[in-house]
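Q: Sequence and predicted model, in that order:
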Amino acid sequence: MSFEINNNRRNWENYIWQPLLAVIFVCAVLFFLKQTAHSMILWAVGASSLSSSALIVCSHPSSKTSRAVNIIGGYIIGIFVGELLRTIVVQFEPIVKGFLMDPSYQMLVFAAAIAVGISILLMSLLKVRHPPAAGIALVLVIDIRDYSVLIIIFIAAVVLALLRLLLRKELCDL
C-alpha cells in the first residue's frame, strides 16, 4: 500500500484545512455537549458519533455516506429508533421482571442491539446510510437522561451536513 499525494498546491492545502475543519467542528461539539450532557455515556457516544461523521465528511466527501441527506437522515433514524426501543423497554420491563435475573440490564442489551439492527435496516431501505448514526440509537436505549443533548447532536449533524453542502466544491478526498 503506497501513500500518494498529488503535488498540486490545492491538494496540499486540503490536507491542512480539511482536518482543521474537523478539529473545529469536534471542539464545538464537545463544548456544547459538555454544557448540556448529564450522562457521560450519552456525551461520549454523541461526541464519538459526530466525530466519526466529521471524519467521513472531511476525509472522504465523495462517499455516499457523507451526503447531507445521509447525515441528516441517518441521525433522524438513529434518534427515532433509539427512542422507540427505549419506550418499549420501559413499557415491558415490569412484565418480564419475574422471568429474568437482571431484567433491566438484559432488556437494555437486547433492545440496544435491536435498535442498531433496525437503524441499519431503515437506513438501507431509505438509502440514507450513515454508520455513525447507529451509535446514537444504541445509546438512547441504554442511557438517556437529558433530551437537550439530542437537540445538540441533531443540530451538530445538520451543521455538518450544511458544511458539506457549502464546501462541496472545495472538499476533496484525502
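A: All right, it came through fine.

Q: per-residue confidence for residue 103?
A: Looking at residue 103, its pLDDT is 53.

Q: quick one, helices of the chain?
A: Assigned by DSSP state H, the chain shows helices spanning 9-36, 40-59, 68-96, 103-125, 132-142, 147-166.

Q: looking at these, which is buried most?
A: When the helices of the chain are scored by mean count of other CB atoms under 10 Å, the highest mean neighbour count falls to helix 132-142 (a mean of 26). C-betas here are computed from N, CA, C, even on glycine.

Q: how about stretch 125-132: buried residues?
A: Residues of stretch 125-132 classed as buried: 128, 129, 130, 131, 132 (neighbour count, 16 or more other CB atoms under 10 Å).

Q: What does the third one show for phi and psi?
A: In this entry, residue 130 is assigned phi and psi values of phi -150, psi 90 (degrees, to the nearest 10).

Q: check contacts around the nearest residue to it once chain neighbours are set aside.
A: The shortest distance from residue 130 to any non-neighbouring residue, by CB to CB, 6 or more residues apart in numbering, is to residue 74 (2.8 Å). Contact analysis of residue 74 by CB atoms under 8 Å, 6 or more residues apart in numbering lists 65, 119, 123, 128, 129, 130, 131, 132, 133, 134, 157.
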